[in-house]
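1. Using only what follows, build the 3D model:
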Amino acid sequence: MPCTTSRPLTLGHEEHLGDVIAGYGTDVDLDVIRAWWSWRSLKAARWLIEHGFDPSSPRAEFDVLRSRM
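-> Sure thing, here's the model as predicted:
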């Protein structure tokens, strides 16, 4: 269950990931969480484009993806 709730809680805020995971007190695969962040940002970017929004605006989905590089 830690991955299910920690992924959305920390999306775009990797600096808090350690604190969130420490609260669970279990081993968590960080690669799974990071992969989910990327997948979610790509999926959200498509939705934003289809609905007339700009995913490249500051703090939007492309910034989240860039922060992962």
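2. and the helix or strand containing V64, which residues are buried?
-> For V64, the host element (DSSP states H and E) is helix 61-67. By neighbour count, and taking 16 or more other C-beta atoms under 10 Å as the criterion, the buried residues in helix 61-67 are E61, F62, V64, L65. C-beta: built from backbone N, CA, C; applies to glycine.
3. can you put those residues in a markdown table and add pLDDT?
-> Written out in a markdown table, the entries for the buried residues of helix 61-67 read as follows (pLDDT from 0 to 100):
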| residue | pLDDT |
| --- | --- |
| E61 | 80 |
| F62 | 83 |
| V64 | 72 |
| L65 | 77 |
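4. Which secondary structure elements does the lengthiest helix in the chain sit against?
-> Counting by DSSP state H, the longest helix found in the chain is helix 30-50. Secondary-structure packing of helix 30-50 (3 or more C-beta pairs under 8 Å, 6 or more residues apart in numbering; DSSP states H and E): helix 2-10, helix 17-24, helix 61-67.
5. quick one: buried residues of that helix?
-> Across helix 30-50, burial judged by 16+ other C-beta under 10 Å covers I33, W36, W37, R40, S41, A44, A45, L48.
6. Pull the most distant pair out of those.
-> Pairwise distances among the buried residues of helix 30-50 were taken by C-beta to C-beta; the largest, 22.1 Å, belongs to I33 and L48.
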